[in-house]
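# fold the following, please.
(3 chains, ligands or ions: 5)
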Amino acid sequence: MNQNNQKDTANNKNGIYDVGIDKGASRLTPEKIRKVFDALVETEGGARLRAYTNACVHCGLCSDACHHFLSKDNDPRLSPAGKVKQTISRILNKKAKLDVDFVKQACETVFTECNLCRRCVIYCPFGIDVAYLMLFVRRGCHQLGVVPQYIQDTAHSHASTFNQMWVRDDEWIDTLQWQEEEARDEIPDLRIPIDKKGADIFYSLIGPEPKFRAQLIYQMAVIFHMAGADWTLPSAPGWDNSDMCMFTGDMEMTARLKKIHFEAAMDLKAKRIVMGECGHAFRSVYDVGNRTLGWKMPPLPMVHAIEFYAEIFREKRIEILEKFDRPVTLHDPCNIVRGRGLGDEARYVINETCSTFIELEPNREHNFCCGAGGGVINCGPPFKNKRVESNRVKADQLAAARDKGAEVLIAPCHNCHGGLEDVIHHYELGLELKFLGDIIYECMKKE
Amino acid sequence: MQSRHKTAARLARLALIALLFTVATVFAQGDITTVEDSGFEKRTRPVVAFEHDAHNQKAEIYDCAVCHHVYENGEKREGQMSVGMECSECHLSENSGPMELTRAYHRMCKTCHLEKNAGPVQCAQCHSRQNAPAK
Amino acid sequence: MHELYKLASGIFVWIAILGFAAGMIGRLAHLALTARKKDPVVYQYFSLYYALRSMLHWIIPFASTGMRAHPVITIAAFVFHICLIVTPLFAAAHVILVMESWNVAWWHLPDPAADVMTVLVILGCLFFLIRRIAQEHVRYLSTAGDFVLIALVAAPFVTGFWTYHQWYGYETAGILHMLSGELMLLCLPFTRLFHMALWPFTRGYAGSEFGSLRHARDW
Ligand code: HEM
Ligand code: HEM
Ligand code: SF4
Ligand code: SF4
Ligand code: SF4
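Ligands and ions are numbered 1, 2, ... in the order given. The predicted structure is shown next:
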């Protein structure tokens, strides 16, 4: 049934050169490619792979769920099922030839034209998980050694340092101490407790925070301090909860990363994990991590920062002096709203901290992805223009909220910040981007 | 002895029935050209054309009991026949409704047609719209 | 004609029904076993409550956002599928044939109702066919098999309609009807028509993952 796939995939590559893809693929032969994919299907392709690919009736009802499809003038190749057709369907068709061009094309498709945001899953009548299928192909690309260079570099960083940004152990501790010092100027008795045994909260965050945005650690320390939280951070690896390996298909590495993260918390006998405002990291720990390690649910309680914020507002452990008075709107990050249903909690916190809230349309589970997720932004500069052009609907959606008066866009996810910043800049939307923590820190009573 | 008696009795009965039958047909309907049964209160398909005499001649059926059978306790009573009765007198019970009667007719006609490779077997071959319409 | 009729109403019916049943059970059982071996998460996360919650939102017309976004397709798909499933199960002719052979009967549709529903299925097939050709993104997804499938489904309805109306050649149409109906039945488990059997599982699993793990709605 897939005999005409050959012509569908020719020349779809957008003339973007990527060492990881092009060099990686040039070392392969059709026989090798076929062998690797067949072996992957044989060993890891189970009931879900079969059920999803067999159930799809090619109805195209998922098409306009995908921001790539919508943003690129309904390009049929970018519909979720269109991406399935070009990649996994062809792999499953034993008669189809999988040549070097196919791998390049498939790699670019699954890595840069799908954010694994799962919006299409809630529009497909069958609930077909296209993200699962794209990840399956990514895993094959990983096994073939064909992965975009930038994201592969972060995966290497994970492999050698257990964090995403090549942060060395001493740099990590230095950064924490530096932030503690800075914060003490403001709040003299503030501490950033390292390796405290038996704390209520094990706080984990993502590699880019100590690397580029250390003030976020400062901010969170102030919030913990004022809320009277008993918290700690580990000195040893395990502090980074992010994971690019699950996006490159390197599940072995994902297992190691998630294991060391859980173990760091358990070694310190922490009662639970609170994670910073990151969506993909949350997904990697909450949804992917437990599965990969063979647990149905995480081995100890863990919450996203939003849940923690909501908790301290409910328990009145934190006081807002004056609500944030510029009109705000909220981007529901896929990985914590479609991925963990935290839309209501986020709105509760906004309600506690901001005076005017304007909804994006659509919102909650139906919000459009920022275009950065699923490792797409991590594929780096070669694909930046393409990524931003592939999210015109996001710009339209944001512009509509701006026209209703929104000035500040809250996005409780690091990755979303990256994507939204590019969208705001490229489409000249003039919105200011903030974390929930930024707003709380700005408006809270600090003694 | 026994057997001669029996044959005589049967012949007498046949003669009597034949007489009754003729009288009944003559008085009741004249020539039979369609299948009628008061058990079908309302017809959902066109009436079935059935030239009784021509059919039997063509099909070479001379024993009325072939169609006008009599069953007792699930067993066919040889030598008895139900000429003059309506099928619905037996094939229409309170609880199963006209479907049971339909079944009886279909099985009577269709089964034989299939066995003999002759005669109509599809719905429309009997329930032809060229006959009287459904009422 | 009599010989053909006997085949089509006899042994072929058995082949179709047994093939259908064996195919359905066999393929579903195979999936269930593969899932045990290779996708144990499916059993872990499957939750009857959330599966039913999701299925309910996708089986009630317009209960999901996606259906509201595509009202025409939603109406067409529901009318098409309901008529597609109900008509053959309750067509008077079918009930009568079953009654003749096995002496079991159930309620049947009045002929005019079955007739209208047959037309709706045929129109549905045309609608999906036209959509498949006219809409670029659907055309892109289409394979030759998708067109064969529509024809496969349309055939028993077209021929059934033909023979019911006793148009020219209705006797041949009647035989073709039986053969095409049997062919479709036989193909159900082995083509994309198998989506019918997979739906409760794919939908149910999506609902379970979204409900019990992700605490989110999937409609
Ligand atoms: C198993 C083999 C089948 C047999 C023996 C069979 C037999 C028949 C017969 C005898 C009729 C009556 C025609 C008339 O009223 O004059 C009929 C009608 C019909 N059949 Fe079937 N059929 C079969 C399978 C199917 C299948 C699989 C479908 C659809 C999926 C189907 C759909 C219909 C429809 C829709 C009608 C009614 C047409 C109308 O009233 O306009 N049949 N069938
Ligand atoms: C409960 C069982 C079933 C479910 C949930 C189901 C669901 C669906 C859905 C969601 C679609 C996409 C419709 C659209 O384009 O809007 C579809 C299409 C279709 N279904 Fe079903 N279906 C079922 C049973 C069947 C059966 C029994 C048949 C045939 C015997 C069938 C034949 C078709 C056909 C031919 C299409 C194709 C439409 C196209 O080509 O675009 N379905 N089904
Ligand atoms: S909506 Fe679902 S069934 Fe339809 S084409 Fe998309 S993935 Fe396939
Ligand atoms: S997961 Fe998101 S990005 Fe990927 S195909 Fe579906 S809607 Fe598009
Ligand atoms: S970065 Fe944010 S919006 Fe984008 S995929 Fe991740 S969670 Fe979704």
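
# surely residue A:413 and residue A:332 touch.
No: counting by Cβ atoms under 8 Å, residue A:413 sits too far from residue A:332 to count as a contact (9.3 Å). For the C-beta atoms, the positions are set from N, CA and C on the backbone; glycine is no exception.

# between the two, who's got more neighbours?
residue A:413 (31 against 28; other Cβ atoms under 10 Å in any protein chain shown).

# need the contact list for the more buried one.
Residue A:413 is in contact with A:277, A:278, A:279, A:280, A:331, A:333, A:335, A:336, A:370, counting by Cβ atoms under 8 Å, 6 or more residues apart in numbering or on different chains.

# who wins for most neighbours among those residues?
Neighbour max across the contacts of residue A:413 (other Cβ under 10 Å) = residue A:333, 35 neighbours.

# ranges for the strands of chain A?
For chain A, the strands defined by DSSP state E cover A:201-204, A:231-232, A:272-275, A:302-304, A:328-330, A:357-358, A:408-410, A:432-434.

# show me how far the third one is from its chain's centre.
Once both centres are worked out by Cα atoms, centre = their mean, to the nearest Å, strand A:272-275 turns out to sit 17 Å from its chain's centre.

# and if you look at the last one?
A distance of 18 Å separates the C-alpha centroid of strand A:432-434 from that of its chain, computed with Cα atoms, centre = their mean.

# quick one: neighbours of the spatially closest residue to residue A:289 that is not a sequence neighbour, just the number.
Leaving aside its sequence neighbours, residue A:289 sits nearest to residue A:258 (Cβ to Cβ, 6 or more residues apart in numbering or on different chains; 3.4 Å). Residue A:258 has 25 neighbours, counted by other Cβ under 10 Å.

# and for the one 5 residues further on?
The number of residues packed near residue A:263 is 15, by other Cβ under 10 Å.

# which non-adjacent residue is nearest it?
residue A:238 (6.3 Å).

# show the pLDDT at the one you found.
Listed pLDDT for residue A:238 reads 94.

# hmm, it is touching residue A:161, no?
No: contact criterion Cβ under 8 Å: residue A:238 and residue A:161 do not qualify, at 11.4 Å.

# more neighbours, those two?
The neighbour comparison of residue A:238 against residue A:161 (other Cβ under 10 Å) goes to residue A:238, with 24 against 18.

# for the more buried one, give me its contacts.
Counting by Cβ under 8 Å, 6+ apart, the residues that residue A:238 touches are A:162, A:204, A:260, A:261, A:263, A:264, A:265.

# what separation do you get for the first one and residue A:269?
What it means is residue A:162. 20 Å (Cβ to Cβ, to the nearest Å).

# domain-wise, how is chain B divided?
B:1-31, B:32-126 (automatic domain parsing).

# just name the most buried of those.
domain B:32-126 (a mean of 15; mean count of other Cβ atoms under 10 Å in any protein chain shown).

# indicate whether it makes contact with chain C.
Yes: contact between domain B:32-126 and chain C, assessed by Cβ under 8 Å from any Cβ of the partner chain, occurs at B:44-45, B:96, B:99, B:102-103, B:106-107, B:110, B:113-114, B:117-118, B:121-125.

# end to end, how far does that domain reach?
With Cα to Cα, to the nearest Å as the measure, domain B:32-126 spans 15 Å from end to end.

# mean confidence for it?
89.

# ok, back up a step: let me know the closest of the contacts of residue A:413 to residue B:61.
residue A:335 (80.9 Å; Cβ to Cβ).

# enumerate every residue touching that closest one.
With Cβ under 8 Å, 6+ apart, residue A:335 has these contacts: A:279, A:280, A:282, A:283, A:373, A:413, A:415.

# quick check: the residue of chain C nearest ligand 3.
Minimum separation of chain C from ligand 3 (Cβ to the nearest ligand atom) falls at residue C:141, amounting to 5.9 Å.

# again, but for the stretch 301-447 of chain A
Counting by Cβ to the nearest ligand atom, the stretch 301-447 of chain A gets nearest to ligand 3 through residue A:366 (15.4 Å).

# isn't that residue right next to residue C:66, touching?
No: taking Cβ under 8 Å as the definition, residue A:366 is not a contact partner of residue C:66, at 9.7 Å.
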